[in-house]
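Asker: Generate coordinates for the sequence data below:
(one chain, ligands or ions: 1)
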Amino acid sequence: MTIMKRFRALFLAAFLVMSGTVGVHAQQTKTLTQFSTIDALLIGAYDSKMSLEQLRRYGDTGLGTFDALDGEMILADGTVYRVSADGTVQTPGPTETTPFAAVTFFDTEQEKTLPTGIGLRELTAQLDSMLPTLNLMYMVRIEGSFKTVKTRSVPRQTKPYRPLVEIVKNQPTFDFENIEGVMIGLRCPAFMKGINVPGYHFHFLTRDRKGGGHLLDVTIDRAVVKIDRTSIFHMILPEDQDFYRLDMEKGTGNAISEVESGRK
Ligand code: ZN
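Answerer: Numbering: from 1, shown residues only. Predicted structure coming up:
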C-alpha cells in the first residue's frame, strides 16, 4: 500500500466511525424505548424485570415504576429516582428492576416559557398547541417553579397482587406549594392505548430531590417547557412466565383514566 492509499483508507475508516456515531446518536434521540405494556401493569404484572442498568442504555429521561410497584420512577439527567409511598426519594442501584418504564435520550427540539398561573388542563392544551401532530410520541421536560403541585405514589405490593385500579384507591398523595423542580412527561397518541398511557403522563421531582411522585395536579409559576419528539418506538417485552400467563384478551376498560388521573 502506498502512503497515499494508506492515508485514504485511514480517512475512510475515520469517516465511517464518525458518521456511524452520529447516526446512532440521532436514532437514540428519536427512539422511545419501552419495557412491558401499561395493560400488563394495570392487571397486576408487577414482577417482570428489566434492570435499571439495562434501562439506562436506552435513555437518560423517562418514567416508570419499580419491582412490586414500589414507588414512582422518574429518570432525569441520567439518574433514576424513586419516590416511595412515604414521600421520600431514593436513587436505586443499577441491579434494581422495573416492570414498566419508557425512556429516551432527550434532545430539545422546542422550547417555550409557560404562562404563569395555568393549571394542568391549560398546560396540556398549551403543549398540544405546540406540537406538529398528535400522532407521534413526545418526551416533555418542564423545569422551574410551581405554585402548587399534587402528586401520588404507590406502596410496594405483596402477592397475591391486586389490580392497579384497586391500589390507587388508597394512594398516598403529597401537596407542594411554591416549589422548584422538574416535571418529566410522556405524551402518547390515542392509538397506543393498551401499550402506554394515551395523552400526557407526568412525574415530578423537587429541585432538592427530596420529594415528587406521579403528577395529579399542578399550577405553573415560572417554568420552561422543552419538547423532544420521538418517532421510533422500540418495545421490549418481558420473557418470563408471569408475562406469558397474563390474560390480555379482555382489555382493561376505563381503568387507565382512573389510575392516571385519580378520577373516575
Ligand atoms: Zn405515573
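
Asker: which SS state does Ser257 fall under?
Answerer: helix (DSSP: H, G, I helix; E, B strand; the rest coil).

Asker: what about it, how many neighbours?
Answerer: Ser257: 15 surrounding residues under other Cβ atoms under 10 Å. C-beta here means a position set from N, CA and C on the backbone, and glycine is covered the same way.

Asker: Would you check how far apart it and Leu42 are?
Answerer: Ser257 sits 11 Å away from Leu42 when distances are taken as Cβ to Cβ, to the nearest Å.

Asker: Now do the contacts for Leu131.
Answerer: With contact taken as Cβ atoms under 8 Å, 6 or more residues apart in numbering, Leu131 is in contact with 138, 187, 227, 229.

Asker: Can you select the buried ones among the residues you listed for me in ChimeraX?
Answerer: Selecting the buried subset of the contacts of Leu131 in ChimeraX, with 16 or more other Cβ atoms under 10 Å as the burial test, is done by:
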select :138,187,227,229
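
Asker: can you map out the strands along the stretch 151-264 of the chain?
Answerer: Here the stretch 151-264 of the chain has its strands, by DSSP state E, counting those that start in this stretch, at 173-188, 199-206, 212-230, 232-236.

Asker: quick one, which of those is packed in tightest?
Answerer: Across the strands of the stretch 151-264 of the chain, averaging neighbours per residue (mean count of other Cβ atoms under 10 Å) puts strand 199-206 on top, at a mean of 22.

Asker: quick one: average pLDDT of that strand?
Answerer: Mean per-residue pLDDT for strand 199-206: 98.

Asker: which strands and helices sit next to it?
Answerer: strand 61-65, strand 72-76, strand 79-83, helix 120-130, strand 137-152, strand 173-188, strand 212-230 (3 or more Cβ pairs under 8 Å, 6 or more residues apart in numbering; DSSP states H and E).

Asker: switch to 7 Å and redo it
Answerer: strand 72-76, strand 173-188, strand 212-230 (3 or more Cβ pairs under 7 Å, 6 or more residues apart in numbering; DSSP states H and E).

Asker: wait, which of the ones you listed is closest to Thr104?
Answerer: Thr104 lies closest, by Cβ to Cβ, to one member of the helices and strands packed on strand 199-206: strand 212-230, at 5.4 Å.

Asker: Spatially, which two of the contacts of Leu131 are the most separated?
Answerer: Distances among the contacts of Leu131 were taken as Cβ to Cβ; the most separated pair is Arg187 and Arg229, at 9.8 Å.

Asker: Mutual contacts of these two, please.
Answerer: Tyr138 (Cβ atoms under 7 Å, 6 or more residues apart in numbering).

Asker: Please pull out the lowest mean pLDDT helix or strand from this structure.
Answerer: Lowest on mean pLDDT, DSSP states H and E among the helices and strands of the chain sits helix 3-30, with a mean of 63.

Asker: Next SSE downstream of that helix?
Answerer: The C-terminal neighbour of helix 3-30 among helices and strands, as given by DSSP states H and E, is strand 31-35.

Asker: if we can go back for a sec, want to throw the strands of the stretch 151-264 of the chain into a markdown table with distance to Asp47?
Answerer: Listed next are these as a markdown table, based on distance: least, Cβ to Cβ, whole Å:
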| stretch | distance to Asp47 |
| --- | --- |
| strand 173-188 | 23 |
| strand 199-206 | 21 |
| strand 212-230 | 20 |
| strand 232-236 | 16 |
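
Asker: Of all these, which one is nearest Pro99?
Answerer: Across the strands of the stretch 151-264 of the chain, Pro99 has its closest neighbour in strand 232-236 (11.9 Å, Cβ to Cβ).

Asker: Other residues contacting the closest one?
Answerer: Residues from elsewhere that reach strand 232-236, judged by Cβ under 7 Å, 6+ apart: 27, 30-35, 50, 137.

Asker: before we move on, back to that, format the helices and strands packed on strand 199-206 as JSON lines; extra columns: distance to Phe66 and mean pLDDT.
Answerer: Shown next, in JSON lines, are the helices and strands packed on strand 199-206 (distance: least, Cβ to Cβ, whole Å; pLDDT from 0 to 100):
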{"stretch": "strand 72-76", "distance to Phe66": "6", "mean pLDDT": "98"}
{"stretch": "strand 173-188", "distance to Phe66": "16", "mean pLDDT": "98"}
{"stretch": "strand 212-230", "distance to Phe66": "13", "mean pLDDT": "98"}
